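In: Got a predicted structure here, sequence first:
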Amino acid sequence: MSKFIDRVIKIVRKVPYGKVVSYGQVSLMAGVPRAALQIGWVLHIAGENGATPWRRVINNAGRISTKCLEHTANHQQKLLEKEGVEVKNNLKIDIERYRWKPDIKTLKKLELNQDYIFGILDKYGV
């Protein structure tokens, strides 16, 4: 696998039970801030093997937006609700309530430079 794919999977695996992140947030944490679309692709190929909680990644508007036939939006909704995440009928989630905000220690483990880390902390208000 590529370094980018490995990094995305590592990040998504760190998202705690009952929390969500946006595609853009994952791409930013992976060090490739404009790669939000590729995050969905990576999660699709990672599959639902239980080790990569793809269901915890939603769009930045706080909406489940998967178009995958194998992992439907309704399936993602049910999985998130099992984790205690409230999902409205329109597949909307209060992203700021449920957003995972990693601490500086977690971000340092991603081997990003310090200025970049502080930019992430600034953006997501850790």
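Out: Thanks, I have it.
In: all contacts plus neighbour counts: C-alpha atoms, from now on.
Out: OK.
In: where in this structure is pLDDT low?
Out: Across the chain, the ranges flagged by pLDDT under 70 are 1, 47-50, 125-126.
In: neighbours of I104, just the number please.
Out: Using other CA atoms under 10 Å, I104 has 14 neighbouring residues.
In: go on, the one 3 residues further on?
Out: Neighbourhood size, L107 [other CA under 10 Å]: 21.
In: part of a helix, is it?
Out: Yes. Secondary structure of L107 (DSSP: H, G, I helix; E, B strand; the rest coil): part of a helix.
In: What residues does it make contact with?
Out: Counting by CA atoms under 8 Å, 6 or more residues apart in numbering, L107 touches M29, I117.
In: isn't there a strand covering K101?
Out: No. Secondary structure of K101 (three-state DSSP): coil, not part of a strand.
In: if you skip the residues just before and after it, what's nearest to V8?
Out: In space, V8 comes closest to A30 once its chain neighbours are excluded; the distance is 6.0 Å by CA to CA, 6 or more residues apart in numbering.
In: isn't that neighbour right up against I9?
Out: No. Here A30 does not reach I9: they are 9.5 Å apart, not a contact under CA atoms under 8 Å.
In: Of these two, which one has the most company?
Out: Comparing A30 with I9 by other CA under 10 Å, the one with more neighbours is A30, at 24 against 20.
In: which residues in this structure form helices?
Out: With DSSP state H, the ranges of helices along the chain come out as 3-14, 23-29, 36-46, 73-82, 95-98, 104-108, 114-124.
In: Output the second one in PDB with nothing but the alpha carbons.
Out: So the one you mean is helix 23-29. Output in PDB follows, covering the C-alpha atoms of helix 23-29 (Å, rounded to 0.1, in the frame of the first residue of the first chain):
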ATOM      1  CA  TYR A  23     -13.300  13.400   5.000                       C
ATOM      2  CA  GLY A  24     -11.500  16.800   4.900                       C
ATOM      3  CA  GLN A  25     -10.300  16.400   8.500                       C
ATOM      4  CA  VAL A  26      -8.800  13.000   7.700                       C
ATOM      5  CA  SER A  27      -7.100  14.300   4.600                       C
ATOM      6  CA  LEU A  28      -5.700  17.300   6.600                       C
ATOM      7  CA  MET A  29      -4.400  14.900   9.300                       C
END
